[in-house]
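**Student:** Provide a 3D model corresponding to the input given below.
(one chain, ligands or ions: 2)
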Amino acid sequence: MPTSNDGIMVILSSPSGAGKTTLVNLLSKKNNFEISISHTTRKPRPKELSGKDYYFVSDQEFKRLIKNEEFLEYAKVFNNYYGTTRTPVINNLNKGKNVLFDIDWQGADQIKNKNLDFKLITFFILPPSKEILYERLSNRDMKDKLIAEERMKQFERDVLHWINYNYVVINDDLDTCYDKIQNLINAEINNGSKDYDSEYIRNHVESLTS
Ligand code: ADP
Ligand code: 5GP
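**Tutor:** Ligands and ions are numbered 1, 2, ... in the order given. A predicted model of the protein is given here:
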């Protein structure tokens, strides 16, 4: 059983471009949250720094970490490997720090299935519409229209995983979305009442997938 001195784990997943990295950064700035920094074989985007956004490593180094069983979870996403090393996460949780994960559905499933002795809350972030998602992806990966198009194709598959999360939140206005997530985390921690309309979410998912 988790004790009240332990930290909690909060996972944010989403189809690429829906805004989970932005939300994770916002949550970590305003709260007692440590971001779990993943390892990846992907190349850094402009302004991304190793040790802050990711640990950018070679295929060879990633395979070494797999072999040494250092990962709590890892997965192949968009032709690159991404993984969370176990030690920093468990150390932070034992120190009472909350840990935020920006990982995909495969990683979320792996962590869920480990049934660790720490409270886990999972969020799936959705865009308000496919048009807005494409706009956000195109603005972020401006130089490479192909990346935005490839990730839009992946959207159709990724969105199907919403059902496995505790909460689904729509990232239309950033501050509203942040408040919603924060209120749900507080309600989970304090066993308070939750402002969550699952019927509304189900309808929204239908509108995105029809
Ligand atoms: P993800 O981590 O889910 O792939 P990002 O956090 O990188 O997505 O967001 C994708 C792009 O959309 C970024 O350029 C980000 O600044 C922008 N963005 C995120 N949330 C919002 C929002 N609520 N309104 C407008 N733009 C947003
Ligand atoms: P990006 O390349 O846009 O930063 O991330 C691509 C996808 O990989 C996102 O869905 C992101 O959440 C996921 N991701 C990032 N780090 C990890 C990780 O450590 N493990 C897993 N399973 N997915 C990750």
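**Student:** residues in contact with the closest residue to ligand 2 within the chain?
**Tutor:** Residue of the chain nearest ligand 2, by C-beta to the nearest ligand atom: G107 (2.6 Å). All C-beta spots, glycine's among them, are computed from the backbone N, C-alpha and C. The contact partners of G107, by C-beta atoms under 8 Å, 6 or more residues apart in numbering, come to 11, 13, 73-75, 82-84, 101.
**Student:** which of these lies closest to ligand 1?
**Tutor:** For the contacts of G107, the residue nearest ligand 1 by C-beta to the nearest ligand atom is S13; the value is 8.6 Å.
**Student:** before we move on, the earlier item: out of the contacts of G107, which touch ligand 2?
**Tutor:** 13, 73, 75, 82-84 (C-beta under 6 Å from any ligand atom).
**Student:** neighbours of Y165, how many?
**Tutor:** 20 (other C-beta atoms under 10 Å).
**Student:** which residue is the nearest non-sequential neighbour of it?
**Tutor:** Taking C-beta to C-beta, 6 or more residues apart in numbering, and ignoring the residues beside it in sequence, Y165 has F124 as its nearest neighbour in space, at 3.9 Å.
**Student:** so what touches the helix or strand in which that neighbour is found?
**Tutor:** Per DSSP states H and E, F124 falls inside strand 120-126. By C-beta under 8 Å, 6+ apart, the list of residues contacting strand 120-126 from outside reads 8-15, 18-20, 23, 105, 108, 111-112, 159, 161-162, 164-171, 177, 181, 184-185, 188, 204-205, 208.
**Student:** likewise stretch 146-159?
**Tutor:** The contact list for stretch 146-159, computed with C-beta under 8 Å, 6+ apart, reads 14-17, 78, 104-105, 126, 130, 133-134, 137-138, 140-141, 205, 208-209.
**Student:** out of those, which end up buried?
**Tutor:** The neighbour count (16 or more other C-beta atoms under 10 Å) marks 14-17, 104-105, 126, 130, 133-134, 137-138, 140-141, 205, 208 as buried among the contacts of stretch 146-159.
**Student:** so Q106 sits against A75, correct?
**Tutor:** Yes. When contacts are counted by C-beta atoms under 8 Å, Q106 is listed as touching A75 (3.8 Å).
**Student:** the more surrounded of the two?
**Tutor:** Higher neighbour count among Q106 and A75: A75, with 18 against 15, using other C-beta under 10 Å.
**Student:** residues of the longest helix along the chain that come out buried?
**Tutor:** Ordering each helix of the chain by length in residues (DSSP state H) puts helix 174-190 first. Buried residues in helix 174-190, counting neighbours by 16+ other C-beta under 10 Å, are found at 177-178, 180-181, 184-185, 188.
**Student:** contacting residues for Q182?
**Tutor:** 27, 30-31.
**Student:** show me which of the residues you listed is closest to K47.
**Tutor:** L27 (19.9 Å; C-beta to C-beta).
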